[in-house]
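J.: Coordinates for the following, if possible.
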Amino acid sequence: MNEGENMRKEENKREGNRDKFEKKKPEREENNADPDSQFVASLAEYLGLPEEKLDHLFEKKYLARNRGEHEDLLRFDKEVSHIERGTVVYEKDGAFEMVPGFPKIRRAMVLYPTLKEQFSQTRTLAVEEKMNGYNVRVAKIKGEVLAITRSGYICPYTTERAKVKLNLKFFDDHPELVLYGEMVGPDNPYVPKAIYEIESLEFFIFDVREKTTGKPLSVARRRELLENYGFLQVRLFGEFPLETAPEEIKKIILNLGKIEHEGVVIKDPEMHLPPVKYTSSQSNCSDLRHAFLFYYETGRDYMLSRIVREGFQTVEWEENEEAFEKRCMQLGESILVPLREAIWEVKEKRRLFDEVRIRVSDPETARRFEEYLKRLGVDAVFEEPQPVGDEFLIEIKKMNKSTHDKTEAIWKGELW
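T.: As a prediction, the model looks like this:
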């Protein structure tokens, strides 16, 4: 199994399609020569890791340099000890500074016992919307505001959009803080969604943390601080007593499902305890519709987990036969309809591809983004930029070679 396939499986297991443009790794990072021993010793001390382990991480490319203009930024391509995957570390003023990766948010399969077990140390729970886009961290690094993907890459497109959408004074006032949020909307090259009535792309913040320590602000402090800068934040449904929270969350989920929104993140208001997430049936089926359209690109764990969620939800909610049959039809269609479409397209000798789009202020950003995807091993075709007001819209076709080739081979008689 090659390195690209390993990364593809890992991405699918952990986050499915959210980072699908990052599934394929570059053949080799440029300008990634082994660092000298003094640098390794200093970095190891800062990270609290043995020098031998750090040498091993560099050797295996689990700790690697970003490319091009950001080659001075190191990213963790694998979770290591106390350091999250996607963490970015760099030298600054003779020392080091770190932008922590996304802490993994575990999933509640059932509400009642899970909330009681996981949040026994708090009396109330804050419930915020989990939006369907792609995770981004935005921080000021060496004097420049940059957008960092879940894997620790500096995405040129997302960086441009962040600079357009955000009040950059925040980073002058609070250079020690990192914004964690979701890029949402149709002009989204990773997870395009038109369900939020957003014209292009917006950045909804769900967390603010300190650099290096990763210490989060409380929900109330974060919301108050960001309101002062006019930032968009994920919707807060309210703060509920632990005893009644499961029933309140069920009502919220049912309403979100009706409008095909994803779900909620349930938090200790003080952020001392790890949050958990819970999703709607409609979101599970939406994920499956895309997964089975490109069934050979998507990991089996990704598909199975969403089907299993449906089983737990229907039992916990004690659905009657009518509701259960409706769920069965919805689930079955989300699997078979896109699968039939994919097979039919290949049978008719048409290529399978994802259609996405981006909107940029400067066409040069699109060129840099195209080069960025090529370095990640993504086979994408960019159409000519089309003026839209004072910006440019670019359609992109992302080829799904694995599903196409496997389906074609089966039509030629290959065994599964």
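
J.: Pop the domain breakdown of this protein in here.
T.: 31-99, 282-347 (automatic domain parsing).

J.: Would you single out the least confident of the ones you listed?
T.: Lowest mean pLDDT within those: domain 31-99, at a mean of 89.

J.: Go through the domains of the chain and name the closest to Glu224.
T.: Minimum separation from Glu224 across these (CB to CB) falls at domain 31-99, 23.0 Å. To be clear about C-beta, it is placed using only N, CA and C from the backbone, and glycine gets the same treatment.

J.: ok so, going back, how about the domains of the chain in a markdown table, adding distance to Asn228?
T.: As requested, those are arranged in a markdown table below (distance: least, CB to CB, whole Å):
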| stretch | distance to Asn228 |
| --- | --- |
| domain 31-99 | 22 |
| domain 282-347 | 32 |
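
J.: now the strands for the stretch 101-250 of the chain?
T.: Using DSSP state E, counting those that start in this stretch, the strands of the stretch 101-250 of the chain run over residues 106-107, 124-130, 134-141, 144-149, 177-184, 202-210, 236-241.

J.: Next, the angle from the third one to strand 144-149.
T.: In other words, strand 134-141. 150 degrees (axes from the mean of the first three to the mean of the last three CA atoms, to 10 degrees).

J.: ditto for the longest one
T.: Taking the same axes, to 10 degrees, strand 202-210 and strand 144-149 form an angle of 100 degrees between their directions.

J.: Please apply the same query to the second one.
T.: Here the directions of strand 124-130 and strand 144-149 differ by 90 degrees (the same axes, to 10 degrees).

J.: Neighbours of the closest residue to Lys401 other than its chain neighbours, how many?
T.: In space, Lys401 comes closest to Asp379 once its chain neighbours are excluded; the distance is 6.2 Å by CB to CB, 6 or more residues apart in numbering. When neighbours are counted by other CB atoms under 10 Å, Asp379 registers 13.

J.: Next, the contact list for Asp379, please.
T.: Residues near Asp379 by CB atoms under 8 Å, 6 or more residues apart in numbering: 398-399, 401.

J.: Filter the residues you listed down to the buried ones.
T.: Applying 16 or more other CB atoms under 10 Å to those, the neighbour count classes Lys398 as buried.

J.: Okay, and which of the contacts of Asp379 map to strands?
T.: 398-399 (DSSP state E).

J.: now, among the contacts of Asp379, which is nearest to Ser334?
T.: Checking the contacts of Asp379 one by one against Ser334 (CB to CB), the nearest turns out to be Lys398, at 21.1 Å.

J.: and the gap between the closest one and Pro156?
T.: Distance, Lys398 to Pro156, using CB to CB, to the nearest Å: 17 Å.

J.: before we move on, what about Asn400?
T.: Separation of Asn400 from Pro156 (CB to CB) stands at 23 Å.

J.: circling back: tell me the spacing between the residue nearest to Lys401 and Trp411.
T.: Where Trp411 is concerned, Asp379 sits at a distance of 21 Å (CB to CB).

J.: how much space is there between Asn255 and Arg375?
T.: For Asn255, the distance to Arg375 - CB to CB - is 42 Å.

J.: Show me which of the two is the more surrounded one.
T.: Arg375 (17 against 12).

J.: Just the local confidence number for the more buried one, please.
T.: 89.

J.: Equivalent analysis for Tyr372, please.
T.: 93.

J.: which other helices and strands contact the helix or strand hosting it?
T.: For Tyr372, the host element (DSSP states H and E) is helix 363-375. On a contact count with 3 or more CB pairs under 8 Å, 6 or more residues apart in numbering; DSSP states H and E, helix 363-375 meets helix 156-165, strand 353-360, strand 380-382, strand 391-399.
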